[in-house]
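[1] sharing a model prediction with you, sequence too.
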Protein chains: 2
Amino acid sequence: MPPPRKSEAPAFIRSTADFARHVGLARTTVSRVLNGQPGLKQKTIDRVQKALAETGFTPNAHALHLKGKRTSMIGICVEDLATPPALRKLAMLQRVLRARGFSSLIEVCTPGAGRDVVRHFQSLRVEGVVFIGHFLREEIEARIAELNAHGTPHVVVDHFGLRNAHTVALDRAAGMAAVVEHLLDLGHRRFGLLGIGKGPVSRIDRPTGVQAALRGRRLDPATCTVTLDHLHERKNDFDFGRRLAASFVALPDRPTAFLGLNDEIAIGAQRGFQEAGLRVPRDLSVTGFNNQDICQMTSPTLTTVDQGIEATVEAAAELLLAQLGKPLPARPVVRTIVPRLVLGESTGPVRG
Amino acid sequence: MPPPRKSEAPAFIRSTADFARHVGLARTTVSRVLNGQPGLKQKTIDRVQKALAETGFTPNAHALHLKGKRTSMIGICVEDLATPPALRKLAMLQRVLRARGFSSLIEVCTPGAGRDVVRHFQSLRVEGVVFIGHFLREEIEARIAELNAHGTPHVVVDHFGLRNAHTVALDRAAGMAAVVEHLLDLGHRRFGLLGIGKGPVSRIDRPTGVQAALRGRRLDPATCTVTLDHLHERKNDFDFGRRLAASFVALPDRPTAFLGLNDEIAIGAQRGFQEAGLRVPRDLSVTGFNNQDICQMTSPTLTTVDQGIEATVEAAAELLLAQLGKPLPARPVVRTIVPRLVLGESTGPVRG
DNA sequence: GGTATAAACGGACAGCTGTCCGAGAAAAAG
DNA sequence: CTTTTTCTCGGACAGCTGTCCGTTTATACC
């Protein structure tokens, strides 16, 4: 369509100038109304408000920001939008930020794409960036260095052990320790690890918690734990758990309790054992991790660990927003969230 | 901190001017490099590129847009971030849009908040808005009218029957008809409806499909279907299904097949029946809707209906992006997606 | 070393906003 | 009707970008 002449009403109202023409006032007058400045006749104010309600006109946020207004946008990097716990964090973070007046720019960050994503956030002059999930270590560290160079605050959720990164991380060791102690109390002494590596990587990793709980009872982790992860392609899903269970069924001196890396694996394993004719928790116990909705939907319901997502996200938001305006803290802040054991029907005493 | 003097290097590089000072070139020269204009010495180009890589500087996207560059942002209104199917749509939509060079601005749109959300999108001059999920009818219609007034394209996903709204909707009637026909083939003649209302609202609603399938076999929907929804607080979740099942167990002339509104309800019902000592599918059949991951995790696995989320989202993106630039089509476009029956172990022949 | 050419410089402008300010118009007061 | 007060008008500016263009400086050629 041809561009409308200055005198005509434009096809769409895109600027304050357009809007002022539509109302029949000067642009500056309209602007004063919009910004609540004094010295205006009530009648004029009403006229503008009415047109505002009718047309739904909004000043160009980009121009506002150019004038110095805050963007009130937070960039969120998520590793993918398929992992339920990550999604729950995302959803809650969005809510928390929204409540504090920020809008969320969400981008999925596949390996290698982090650079572009963060650049995009920077170009939009977001006020902070949150990383949720696990990323390549070098990549995320490079991103954070870039953010620091621009004075942009950041928080990393659930990726522990990064240098110079403000982090909120779940103490998975504490969660696993609680699970193991619960099972020890029930008399279990041999544990099958499903997707949980044997060697601890950091002080808050799952294997650390398993070992700590066992050592606390003067038990040797090496002899008390068994893993068959190497037998199957590792996928961390339902089917992986089921295949692991099938392998464990035939094992001589089979463990009596099975610790799943997550709920999917645990439920898969539970299913696998049931298909082999074993009963849970009569013949063996199974535990998960994350406390997803599905834990309540299986039979038996699953004993699992609740991440305390709310606490995690609250801490992350607080940590991020505390950096706004202030110069960045010299040393990285690390906050740890302690999860909570959730008892289900899938754990029971060792059959004597 | 005090504002740096013009001559000094600024604390952070925020503008092309800052960046040019940092490199030691004129702002215009840098700008020419950034935009690939000819007539520049290779040495100069390299110098700028190097500094660019080192500092990670990005031109202010807001200023770019002010100069006429597209924002490449799509606003997405989602009813909540808890419903798994809605989340899957969101995740895939994000991916599809990203592949076409758009970034997604995601906002949760609780009843009554739609106005602010859409205003916010408008103020950011998004190029289009997608609504995912179910909203209050008047509210979403008002929002769409506002968008039209500004020439902003839109697409509504999964909210059928709106006037003047471009829509992509799942033909739930076809899905339910497929389910019912499958069960009819297995010999079932009495159907328990779990969370599915009896009266159809639109031609693609679930009850419509149930009735159509029954009438297709000369059966009377009124006598073939039973619902006990009124006995329980309606929540559309696992527990609702379980409570419904408990009520059905005691019912004289109990149906032999149960149709769940969604997978959660179906799995809850399945669990409820199992707790009452009934076996699925030997004693009765159960079906869900949505084909969520959990359907494969229950025992027996659930017969359900796949939404064809990929097709839905592709259609939505296509419909939205087709409107870009062009004047808005006078008549609303409605595209219907036909879902697909997914057989599980929860359905079987009527026990003779 | 002188000149022709290539390249960088730097001022100006538009795009949209909010704010300031002097000038002009409308309303109120006398 | 005149004077005073109260509003509105409209031009200017900054904020950041890309582009244009005339000017100055650096490079290359002879």
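    Received, thanks.
[2] and the residue of the stretch 251-352 of chain A at minimum distance from DNA strand C, which of the three is it?
    Residue nearest to DNA strand C within the stretch 251-352 of chain A: residue A:325 (19.4 Å; Cβ to the nearest atom of the strand). Placement of C-beta: from N, CA and C, glycine included. Following DSSP: H, G, I helix; E, B strand; the rest coil, we place residue A:325 in the coil state.
[3] tally of neighbours for it?
    The number of residues packed near residue A:325 is 9, by other Cβ atoms under 10 Å in any protein chain shown.
[4] so where's chain A uncertain?
    A:1-10, A:352 (pLDDT under 70).
[5] which helix in it runs the most residues?
    helix A:84-99 (DSSP state H).
[6] in that one, which residues are buried?
    A:84-98 (16 or more other Cβ atoms under 10 Å in any protein chain shown).
[7] do stretch A:270-282 as well
    Going by 16+ other Cβ under 10 Å, stretch A:270-282 has these buried residues: A:270, A:271, A:272, A:273, A:274, A:278, A:280, A:281.
[8] so the fifth one is in which element?
    Spelled out, that is residue A:274. According to DSSP states H and E, residue A:274 maps onto helix A:263-275.
[9] so is that helix next to chain B?
    Yes: against chain B, helix A:263-275 shows contacts by Cβ under 8 Å from any Cβ of the partner chain at A:264, A:267, A:268, A:271, A:274, A:275.
[10] I'd like the next helix or strand past that helix.
    Using DSSP H and E, the first helix or strand after helix A:263-275 is strand A:285-287.
[11] next structured bit after that following strand?
    Next along the chain after strand A:285-287, with elements defined by DSSP H and E, is strand A:304-306.
[12] name the surrounding residues that touch that following strand.
    A:175-176, A:178-179, A:263, A:266, A:287-292, A:295, A:339-342, A:344 (Cβ atoms under 8 Å, 6 or more residues apart in numbering or on different chains).
[13] would you map the helices across chain A?
    A:16-23, A:27-34, A:42-55, A:61-66, A:84-99, A:114-123, A:137-149, A:172-185, A:206-216, A:221-224, A:238-249, A:263-275, A:309-322.
[14] which of these sits closest to residue B:189?
    helix A:263-275 (32.0 Å; Cβ to Cβ).
[15] number of nearby residues for the closest residue in space to residue A:17 that isn't next to it in sequence?
    Counting by Cβ to Cβ, 6 or more residues apart in numbering or on different chains, residue A:17 lies nearest to residue A:27, which is 5.0 Å off, once chain neighbours are set aside. Other residues within reach of residue A:27, judged by other Cβ under 10 Å, total 15.
[16] surely residue A:27 touches residue A:18?
    No: look at residue A:27 against residue A:18 with Cβ atoms under 8 Å: they stay out of range, at 9.3 Å.
[17] tell me the domain boundaries of chain A?
    A:16-59, A:73-170+A:309-338, A:172-307 (automatic domain parsing).
[18] nearest to residue B:183 among those domains would be which one?
    It is, among the domains of chain A and with distance given as Cβ to Cβ, domain A:172-307, at 22.6 Å.
[19] ok, back up a step: what's the closest of the residues of helix A:263-275 next to chain B to residue B:144?
    residue A:264 (39.1 Å).
[20] could you measure from the closest one over to residue B:116?
    37 Å (Cβ to Cβ, to the nearest Å).
[21] which one's more surrounded, the two?
    residue A:264 (28 against 11).
[22] I'd say that one and residue A:237 touch.
    Yes: taking contacts as Cβ under 8 Å, residue A:264 lies within contact range of residue A:237: 5.1 Å.
[23] give me the residue from chain A nearest DNA strand D.
    residue A:44 (2.9 Å).
[24] in terms of secondary structure, what does the helix holding residue A:274 contact?
    strand A:191-194, helix A:238-249, strand A:257-260, strand A:285-287 (3 or more Cβ pairs under 8 Å, 6 or more residues apart in numbering or on different chains; DSSP states H and E).
[25] DNA strand D contacts on chain A?
    A:24-29, A:39-41, A:43-44, A:63, A:66-68 (Cβ under 7 Å from any atom of the strand).
[26] 10 Å instead?
    A:20-21, A:23-33, A:37-48, A:60, A:62-69, A:123, A:125 (Cβ under 10 Å from any atom of the strand).
[27] would you write out the PyMOL command that picks the buried residues out of the residues you listed?
    A single PyMOL command selects the buried members of the residues of chain A next to DNA strand D (16+ other Cβ under 10 Å):
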select buried, chain A and resi 20+21+23+25+29+30+31+32+33+47+48+60+62+63+65+123+125
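[28] ok, which of the residues of chain A next to DNA strand D also contact DNA strand C?
    A:20, A:26-33, A:37, A:39, A:41, A:43, A:60, A:62-69.
[29] any figure for the gap between the closest residue to residue A:298 other than its chain neighbours and residue A:240?
    The shortest distance from residue A:298 to any non-neighbouring residue, by Cβ to Cβ, 6+ apart, is to residue A:267 (5.4 Å). When distance is defined by Cβ to Cβ, residue A:267 is 11 Å away from residue A:240.
[30] right, I'll call it a day here.
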